[in-house]
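>>> Sharing a sequence plus its predicted fold:
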Amino acid sequence: MSDVKLDSLVETYLAIRNERDKLSREHDAKDKELSNDLAQIEQVLLNSCNEVGADSIRTGAGTVIKSTKENFVCGDWDNFKKYVMDNDAIELLQQRIHQTNFKEFLSNREDEGLPPGISSMREFKVTVRKPTSK
């Protein structure tokens, strides 16, 4: 493939990427604005539920439902890991592999291969950079 054709492809690639970035920034700004508007309205609706002591309020336009969301956070992973192991409660953890730690783990055991149940997927990609100023 000629250098002229590659130059043209890279130029087009950068133009498309820049346009996507611009559109994404515009979308994110508008989405943030709308999200803030919704949060303000939700607070007013929650206050309305609290004022009348209701878990739901039916209106002509729709029903407001008050619910509770509960999240758990861990402040001491060492103690929690010990608790999980002592109680054989592995189901308290999410099932995913920490990619960086797993790569490091494997690099120290190259001759052993992958652990049981694990497979690897690799994909090639290209990165295009703008020319640097001279």
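Sure thing, it's come through. Model, not experiment: these values are computed from the prediction.
>>> so where do the strands sit in the chain?
56-58, 63-65 (DSSP state E).
>>> got TSV for the ones you listed, with mean pLDDT too?
Output for the strands of the chain, formatted as TSV (pLDDT from 0 to 100):
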stretch	mean pLDDT
strand 56-58	94
strand 63-65	96
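>>> what's the closest of the ones you listed to Ser24?
strand 63-65 (32.7 Å; C-beta to C-beta). Just so you know, the C-beta spots here come from the backbone N, C-alpha and C atoms, and that holds for glycine as well.
>>> Work out the sheet partners of the closest one and label each with its direction, please.
Using DSSP bridges, strand 63-65 pairs in its sheet with strand 56-58 (antiparallel).
>>> Of the strands of the chain, which is nearest Asp31?
strand 63-65 (22.9 Å).
>>> Could you tell me which residues within stretch 53-69 count as buried?
Buried positions in stretch 53-69, judged by neighbour count with 16 or more other C-beta atoms under 10 Å: Val64.
>>> could the strands of the chain go into JSON lines alongside distance to Leu34?
Shown next, in JSON lines, are the strands of the chain (distance: least, C-beta to C-beta, whole Å):
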{"stretch": "strand 56-58", "distance to Leu34": "23"}
{"stretch": "strand 63-65", "distance to Leu34": "19"}
